[in-house]
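Visitor: Predicted model and sequence follow; I will ask about them next.
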Amino acid sequence: MATIIQAYRQSHVLNGGRRDVMMRRLEALRSSATEALRRLLDAQPVTPAKVDFVWRMAAGPALAKAADVQWRDGGILVVRAKTPAWLKELRHARPILTTRIAGLLGPDVVQRLVIE
């Protein structure tokens with residue numbers, strides 16, 4: 001969802017308040033979709049499949065394909081980059097990935113995010 005909003009911001013220049021109205025609507029849509037997904041996920045136990053799904057949602061298509069994830073006991077999520085270039089990108093994206101994952105799984109599920 002975030003990439004839709006970013007693309008809209010970059011590619012559409014609307015006059016006056018119309019742009020603000022459209023941006024508020026897009027932000028509300030993103031927020032509602034995230035909350036609905038979070039509620040659905042809350043009802044399910046934490047499994048490797050659930051964590052993999054959340055990883056793909058949080059990372060987006062490019063980063064999700066650029067790494068393999070492994071869920072370990074104790075709340076450790078290991079993300080293994082497929083190339084050194086992707087490792088650099090994943091490390092750079094760590095703060096937003098951590099925020100998105102916590103937003104979908106809950107703040108206390110992932111205790112440690114290891115990017116290697």
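Guide: Looks like it came in fine.

Visitor: From now on I want contacts and neighbour counts done on CA atoms only, so please keep to that.
Guide: Will do.

Visitor: Excluding chain neighbours, what is closest to G74?
Guide: Of all residues not flanking G74 in the chain, Q111 sits nearest, at 7.2 Å (Cα to Cα, 6 or more residues apart in numbering).

Visitor: Contact partners for that neighbour?
Guide: Taking Cα atoms under 8 Å, 6 or more residues apart in numbering, we find Q111 in contact with 74-77.

Visitor: again, but for P48
Guide: 70-71.

Visitor: make it 6 Å
Guide: Each residue near P48 by Cα atoms under 6 Å, 6 or more residues apart in numbering is listed here: W71.

Visitor: That one and R18, how far apart?
Guide: 44 Å (Cα to Cα, to the nearest Å).

Visitor: quick one: buried residues of stretch 108-116?
Guide: Going by neighbour count (16 or more other Cα atoms under 10 Å), the buried part of stretch 108-116 is 109-110, 113, 115-116.

Visitor: hang on, I meant stretch 53-73
Guide: Under 16+ other Cα under 10 Å, the buried positions of stretch 53-73 are 54-59, 63-64, 66-67, 69, 71.

Visitor: Where does pLDDT dip in the protein?
Guide: Within the chain, the segments meeting pLDDT under 70 span 1-17, 19, 26-32.

Visitor: Show me it divided up by domain.
Guide: 1-43, 46-116 (automatic domain parsing).

Visitor: Give me whichever of those domains is most buried.
Guide: Sort the domains of the chain by mean neighbour count, taking mean count of other Cα atoms under 10 Å, and domain 46-116 sits at the top with a mean of 16.

Visitor: mind checking the end-to-end distance for it?
Guide: 23 Å.

Visitor: again, but for stretch 39-53
Guide: The first-to-last residue distance of stretch 39-53 comes to 14 Å (Cα to Cα).

Visitor: Pull the contacting residues for L87.
Guide: In this structure, L87 makes contact with A81, judged by Cα under 6 Å, 6+ apart.

Visitor: Export the buried residues of stretch 108-116 as a markdown table, with columns for secondary structure and distance to L37.
Guide: Formatted as a markdown table, these follow (DSSP: H, G, I helix; E, B strand; the rest coil; distance: Cα to Cα, whole Å):
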| residue | secondary structure | distance to L37 |
| --- | --- | --- |
| V109 | coil | 16 |
| V110 | coil | 17 |
| L113 | strand | 21 |
| I115 | strand | 25 |
| E116 | coil | 28 |
